[in-house]
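In: Only the shape, not the letters, is given here:
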């Protein structure tokens, strides 16, 4: 303000022929940044960040996708809580402070580029623990069969296994047999093992993984269940056969080994005995045809995971997985190039002007003033300004005439009032003293008691009339 009054005021009153006002804001931007950082640590910015940005974004993703990958039954509140643990308040505020330092230096022109880099690798271990907690809460133990074991069984087992004598076993029946004999503790142990192997891959710490699910201990028990199932199906088929008449007996004497069931069974023979006499070894067939298809172990790799995530052409899960791995492993980076890409051309130019103003300062000269006046009132404002400056300059140059006039007045008072030199000086001094007393009273007590209050009231009225 002092600079404006001194520079522009002196030009308008004709004291100088040019002026330049320069306002440098860069130093105040730095001070503002420090105040913002203090406010960030003082106000509830963290809660605002999660309630106004993170939570709506998570809800939006869940609404668009319909569910998490593999249909994991989690709600937005579970995910927000996990994110808050991975990104605690102090850590977030520290990242905001670093970002302000970097961006402020760019805005004030101390540097021509900026790079905000948020390293998430340091929070990766916490993220893994939260991932485990979420998956266990979502009953990942059941999902292990639905999303890992069952698809791998489908890939290794025939859809229908045709056994002799018209007995068939399906994939679903084999899978059900596996589920029946698996204890909960085994499922939990294998699920945690899969999570431990997959976790480092999801956070980008490794580029591959291999989770081994041992089935050796379960294989024989599963086969036993399948054998019992095959035997029950064979028994049902035999029981459905009608009894033979005397002329329809398919065999006599000894019972040969057959590869298909006869059209009828002798009257009064037990089913178990008939199966034994026919030498039907259905359990051996199960072990040979189905047992050979059940491996001793299943190996689940990143290829299986990516295939499961990318199975739906409309799903963006695979792209999201790659983005998450990249962000956690390499950090999240935002640069001046990204900023300019996010801004259209108009706002990019505004940004450039702001940076120039903050770094070089804002300048206003007599040339700018004359250009502004030249466009007002069809140019008459500029003519009036020049006339006003010229008159004030003339008055200032002739101000010595005021002192001459006073001196002449005092001399006349002395000559006319006094008879001798002493009387003439006394009259002149008395006039000067009375005038000084009047000026003193008017500018002192009278001004303070009367004029000052009126000026204050006038100022208040003017300020109230100003709209903005």
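Out: That came through, no problem. Quick caveat, the model's predicted, so the values are computed rather than measured.
In: mind listing what's buried in stretch 425-442?
Out: For stretch 425-442, a neighbour-count test (16 or more other C-beta atoms under 10 Å) marks 427-428, 431 as buried. Glycine gets a C-beta too; all of them are placed from N, C-alpha and C.
In: which of these lies closest to residue 270?
Out: Set against residue 270, the nearest of those by C-beta to C-beta is residue 431 (155.0 Å).
In: Can you tell me which of the buried residues of stretch 425-442 is closest to residue 79?
Out: residue 431 (93.2 Å).
In: Who are the contact partners of the closest one?
Out: 409-410, 413 (C-beta atoms under 8 Å, 6 or more residues apart in numbering).
In: State the helix or strand in which it lies.
Out: helix 421-443 (DSSP states H and E).
In: after that helix, next one along is what?
Out: Next along from helix 421-443, by DSSP H and E: helix 445-446.
In: Now do that following helix, average pLDDT.
Out: Averaged across helix 445-446, the pLDDT comes to 86.
In: Give me the next element, helix or strand, following it.
Out: Following helix 445-446 toward the C-terminus (DSSP H and E): helix 452-465.
In: tell me the strands in this structure, going along the chain?
Out: Secondary structure of the chain by DSSP state E: the strands cover 20-23, 115-118, 160-162, 168-170, 210-214, 242-243, 264-265, 297-301, 332-335, 362-365.
In: and the residue nearest the centre of the chain, how far is that from residue 345?
Out: The residue lying closest to the centre of the chain (C-alpha atoms, centre = their mean) is residue 54, at 6.6 Å. The gap separating residue 54 from residue 345 is 31 Å, by C-beta to C-beta, to the nearest Å.
In: With residue 34 instead?
Out: In terms of C-beta to C-beta, residue 34 sits 33 Å off from residue 345.
In: which of these two has more neighbours?
Out: residue 34 (12 against 8; other C-beta atoms under 10 Å).
In: just for the stretch 101-250 of the chain, where's the confidence low?
Out: The stretch 101-250 of the chain contains residues with pLDDT under 70 at 138-165, 171, 174-175, 177-182, 216-219, 221-222, 245-250.
In: cool, the stretch 251-400 of the chain as well?
Out: 251-262, 268, 271-283, 285-295, 310-316.
In: picking up where we left off before, tell me the gap between the helix holding residue 431 and the middle of its chain.
Out: Relative to its chain's centre, helix 421-443 lies at 81 Å (C-alpha atoms, centre = their mean, to the nearest Å).
In: sorry, back to before: and the residue nearest to the centre of the chain, what does it touch?
Out: Residue 54 neighbours (C-beta under 8 Å, 6+ apart): 80, 83.
In: Next one, pLDDT for it please.
Out: pLDDT at residue 54 comes out at 81.
In: before we move on, what about residue 431?
Out: At residue 431, pLDDT is 92.
In: What count of nearby residues applies to residue 36?
Out: Per other C-beta under 10 Å, the neighbour tally for residue 36 reads 14.
In: Check residue 213 too.
Out: 20.
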